[in-house]
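1. how does the following fold in three dimensions:
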Amino acid sequence: MPVRVQTEDFDVSQEVAALRANSPQVGAVVTFIGTVRDMNDGSNVAEMELEHYPGMTEKALQNIVEQAKARWPIFDALVIHRIGPLLPLEQIVLVAVTSAHRGEAFSACEFIIDYLKTDAPFWKKEQTPQGARWVDARTTDDTALAKWKLPGAAK
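-> Numbering: from 1, shown residues only. Sure, this is the predicted structure:
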């Protein structure tokens, strides 16, 4: 179950092909791609910069993928999260999950991305016309995570 934190962009087609390679049991592949928006909380966003804590971040991502595998009969999962400065339209994150059936793949993918949006050790700073600002998790993201009943998740 690969987990990568990187500055470079990723090719979704190549990543999914590698995840599925030599896996004839795979009947479903679900992917989520997060991108930089040009607008957030009513302000134009010229750039988003993502920071992380090396070592801790990868360990946390691996842990949530392992939790997904323990909850659903998935074959594999991939998480690629970019760091550094990113412009609107650029890809931030890829989550891809393989399983025999779509239901398990969809649930595991949603579970992983809900965690990434709230509890993964990443910090986002946006450049707006009003200046730089740090981005907090949204209440809706906390609510989405709480449905999975993770220890420490929002209630």
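
2. against residue 36, how distant is the residue of the chain positioned farthest from its centre?
-> No residue in the chain has its C-alpha farther from the mean C-alpha position than residue 130, which lies at 27.7 Å (Cα atoms, centre = their mean). Distance, residue 130 to residue 36, using Cβ to Cβ, to the nearest Å: 18 Å. C-beta coordinates here come from the backbone N, C-alpha and C atoms, glycine included.

3. residue 110 now?
-> Residue 110 sits 21 Å away from residue 36, taking Cβ to Cβ as the criterion.

4. okay, and the helix or strand of this protein with the least pLDDT?
-> Taking mean pLDDT, DSSP states H and E as the measure, the chain has helix 139-146 as its least confident helix or strand, at a mean of 67.

5. do a quick rundown of the strands in this protein.
-> Here the chain has its strands, by DSSP state E, at 3-6, 28-35, 39-40, 43-44, 47-52, 74-82, 84-86, 91-99, 122-128, 131-135.

6. between those strands, which one is nearest to residue 58?
-> strand 3-6 (5.6 Å; Cβ to Cβ).

7. given that closest one, what are its sheet partners and their directions?
-> strand 74-82 (parallel) (DSSP bridges).

8. tell me the pLDDT at the nearest residue to residue 62 once chain neighbours are set aside?
-> Excluding the flanking residues, the one nearest residue 62 by Cβ to Cβ, 6 or more residues apart in numbering is residue 3, at 5.0 Å. Note for residue 3: predicted pLDDT of 96.
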